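Visitor: Could you work out the structure for the sequence below:
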Amino acid sequence: MKLGVEGWLPLIKAGRVCPQEIDWLLCHYSSHFFREQIVELLEEAGCMIPE
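Guide: Numbering: from 1, shown residues only. Alright, predicted model coming up:
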């Protein structure tokens, strides 16, 4: 999970992605077990998209 979230950071820093401008995001994970981890990592990175 961490690798996927870390993939967002360079895109945000380069100005290619602006989390505040994203209306929705389809995030695939194989089970709800991963949901909490993804949310935590996105929040820590400062790029959480409200659910």
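Visitor: Let me know the outermost residue of this structure.
Guide: Distance from the C-alpha centroid of the chain, by C-alpha atoms, centre = their mean, peaks at residue 31 (16.5 Å).
Visitor: contacting residues around residue 39?
Guide: 48, 51 (C-beta atoms under 8 Å, 6 or more residues apart in numbering). Where C-beta positions appear, they are placed from N, C-alpha and C, glycine not excepted.
Visitor: same question for whatever helix or strand it lives in, mean pLDDT?
Guide: Assigned by DSSP states H and E, residue 39 falls within helix 35-45. What helix 35-45 shows for mean pLDDT is 85.
Visitor: burial count for residue 42?
Guide: Neighbour count of residue 42, defined by other C-beta atoms under 10 Å: 19.
Visitor: Residue 16 versus that one, what's the distance?
Guide: 17 Å (C-beta to C-beta, to the nearest Å).
Visitor: next one: residue 41
Guide: 19 Å.
Visitor: quick one: which of the two has more around it?
Guide: Between residue 41 and residue 16, counting by other C-beta under 10 Å, residue 41 is the more crowded of the two (18 against 9).
Visitor: Grab the nearest non-local neighbour of that one.
Guide: Leaving aside its sequence neighbours, residue 41 sits nearest to residue 5 (C-beta to C-beta, 6 or more residues apart in numbering; 4.1 Å).
Visitor: ok, how many other residues are close to the one you found?
Guide: Here the count is done by other C-beta under 10 Å, and residue 5 has 19 residues near it.
Visitor: repeat for residue 7
Guide: Burial measure for residue 7: 9 neighbouring residues, criterion other C-beta under 10 Å.
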